[in-house]
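Student: Build the 3D model from these lines:
(one chain, ligands or ions: 1)
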Amino acid sequence: MSTLVVVGAQWGDEGKGKVVDALASQADLVARYAGGNNAGHTLVVSGRKIVTHLVPSGCAYPGTLCVLGAGMVIDPEVFRQEITALQKTGMLLGDELRVSLDAHVIFPFHRWLDGSREDDVGGTRIGTTRRGIGPAYEAKAARRGIRVRDLLNPTRLRERLDANAVAVNAELERLGAEDRLDIEAEIARAVGWVVWLKPFLCDTGELVDESIRGGKRVLIEGAQGALLDLDHGTYPYVTSSTTLAGGACAGLGIGPTAINAVWGITKAYTTRVGAGPFPTRLDGELGDLLRGAGDEFGATTGRPRDCGWLDLPALRYAARRNGLTGLCVTKLDVLAQMPKVAICRSYADGVRPGHDEFEAARPEIEFLPGWGAPELAERISEARELEDLPAAARSYLDMISEFTGVPIALVSVGPGRDQTVFIGEAF
Ligand code: GDP
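Tutor: Got it, this is the predicted structure:
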């Protein structure tokens, strides 16, 4: 196997950064195919915490090529800050990074629109990260998006900015925002970006395709999670791009036949940020305990995440929409810190994910025996083989696998790279 796609199987924040980092040591190339700096991946390398938003989590290994694919939207200002921060830690040397000429660019006016819309009292609050991701994808679909390659062509850039200015400024005015899109200022800004961005740019579709053809091990990293997918998530409370494994092909420019395996990442429980359905959400003390134990605060925004028990029907839905061949279960150590543990196998009245009624689904909760012992978390954190895990944890994993029909490929028992139980072969 040479091409593995790794995606979030819940509402994002499943620990993709940690898992991709743990797998990237075996990869020659790590690529992202969708989203922008609304993603936030936390890596802990030698006890040091590093958060990446745009650069794929494979950046921790010198010599591994890191690709930002055509399906992404890139804010050059954020990208530059991230590169500088990574270089300071010695994690990224620069020549391992490639950016697609076809990716779309986030300008400041996309951020202004995003923020003003979220603040608009008459609008629907999606709970976006206000980073301009939605407006940039919207412009792309409306055929007035600005691609990375347009930055290199001043005439085309002016035409593209022209195509945006009237509508953008009218909307900013209506929303009461002070900022306006100024074409000359944006062109000057773009000229500055090109100076340092140019060495990274290439046809990444060709690069990834040739790597696969050459037998290289390619790891493809999704952003957010299945239930936030634009087509198959809890619409309209979703992100503005595809989060499913199927999107990896379109976002990178390779065919489905190039993918050998798809692993989905799930926490041992569930979290969600932003608005929208979340049937197993725990209010009150248990929710607070889970949030505290799991340190569930957004890596990108610092927002507290809602927490709840593992939602098996939602996970099975994600497994099927992604065609998962393996499951990576993270934060098992966190679950073990709870005084009791429960799961959801069904919702009342036969409701299922994808149904209209999912928004108000009432979970049927089942408490599990064998949990709630204080020494459980420590034993779980120290496990490096499946056999090291306590019986309650092993039967929990078996139950997840049986319900979803997907074998467990990896278990994460702590934030560190070594706190991982490898079960399946990644490549
Ligand atoms: P991502 O966007 O999917 O990469 O997820 P985040 O980085 O937003 O959140 C995952 C958080 O959980 C990070 O702080 C990780 O260091 C941490 N983490 C990942 N796996 C584990 C685990 O197995 N146990 C514990 N305790 N923390 C973990």
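Student: how much space between residue 267 and the ligand?
Tutor: From residue 267 across to the ligand, the span is 8 Å (CB to the nearest ligand atom, to the nearest Å). C-betas here are computed from N, CA, C, even on glycine.
Student: If you could redo that for residue 195, that was the one I meant.
Tutor: Using CB to the nearest ligand atom, we find residue 195 at a distance of 31 Å from the ligand.
Student: helices or strands next to the helix or strand that residue falls within in the packing?
Tutor: Following DSSP states H and E, one finds residue 195 within helix 183-197. Identification of packing neighbours for helix 183-197 by 3 or more CB pairs under 8 Å, 6 or more residues apart in numbering; DSSP states H and E yields helix 76-88, helix 108-119, helix 154-174.
Student: Buried ones in the longest one, by neighbour count?
Tutor: What that stands for is helix 154-174. Across helix 154-174, burial judged by 16 or more other CB atoms under 10 Å covers 157, 158, 160, 161, 163, 164, 165, 168, 169, 171, 172.
Student: Name all residues that make contact with the closest residue to the fifth one other than its chain neighbours.
Tutor: Closest residue to residue 163 in three dimensions, ignoring its sequence neighbours and counting by CB to CB, 6 or more residues apart in numbering: residue 144, at 4.4 Å. Applying CB atoms under 8 Å, 6 or more residues apart in numbering to residue 144 gives the contacts 160, 163, 164.
Student: and those residues as JSON lines, adding distance to the ligand?
Tutor: Formatted as JSON lines, the contacts of residue 144 follow (distance: CB to the nearest ligand atom, whole Å):
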{"residue": "160", "distance to the ligand": "31"}
{"residue": "163", "distance to the ligand": "34"}
{"residue": "164", "distance to the ligand": "30"}
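Student: Name whatever forms a beta bridge with residue 408.
Tutor: When assigned by DSSP bridges, residue 408 has beta-bridge partners residue 327.
Student: one step back: what values do phi and psi take at the residue nearest to residue 163?
Tutor: With angles defined as degrees, to the nearest 10, residue 144 sits at phi -130, psi 20.
Student: Please read off the pLDDT at it from the model.
Tutor: Predicted confidence (pLDDT) for residue 144: 94.
Student: what do you get for residue 61?
Tutor: 81.
Student: so it sits right up against residue 26, yeah?
Tutor: No: assessed by CB atoms under 8 Å, residue 61 is found out of contact with residue 26, at 9.6 Å.
Student: Of the two, which one has the most company?
Tutor: Set residue 61 next to residue 26 and count neighbours by other CB atoms under 10 Å: residue 61 wins out with 20 against 15.
Student: pretty sure residue 252 is touching residue 71, no?
Tutor: Yes: with contact defined as CB under 8 Å, residue 252 reaches residue 71; the gap is 7.0 Å.
Student: what does this structure put close to the ligand?
Tutor: 8, 13-18, 39-42, 44, 299, 330-331, 333-334, 412-415 (CB under 6 Å from any ligand atom).
Student: So which other helices or strands are in contact with the lowest-mean-pLDDT helix or strand in the chain?
Tutor: Least confident helix or strand of the chain, by mean pLDDT, DSSP states H and E, is strand 41-45 with a mean of 72. Packing partners of strand 41-45 (3+ CB pairs under 8 Å, 6+ apart): helix 16-24, strand 48-52.
Student: Show me how far the helix or strand following the longest one is from its chain's centre.
Tutor: So that's helix 16-24. Where DSSP H and E defines the elements, the next helix or strand beyond helix 16-24 is strand 29-32. Strand 29-32 sits 13 Å away from the centroid of its parent chain (CA atoms, centre = their mean, to the nearest Å).
Student: How is this structure partitioned into domains?
Tutor: Residue ranges for the domains of the chain, per automatic domain parsing: 3-101+201-261, 104-196, 266-422.
Student: Please work out which of these is packed deepest.
Tutor: Mean neighbour count (mean count of other CB atoms under 10 Å) peaks for domain 3-101+201-261 among those, with a mean of 22.
Student: residue closest to the middle of this structure?
Tutor: Among the residues of the chain, the one closest to the centroid is residue 223, at 2.4 Å (CA atoms, centre = their mean).
Student: for that one, phi and psi?
Tutor: Phi and psi for residue 223, reported as degrees, to the nearest 10, are phi -120, psi 160.
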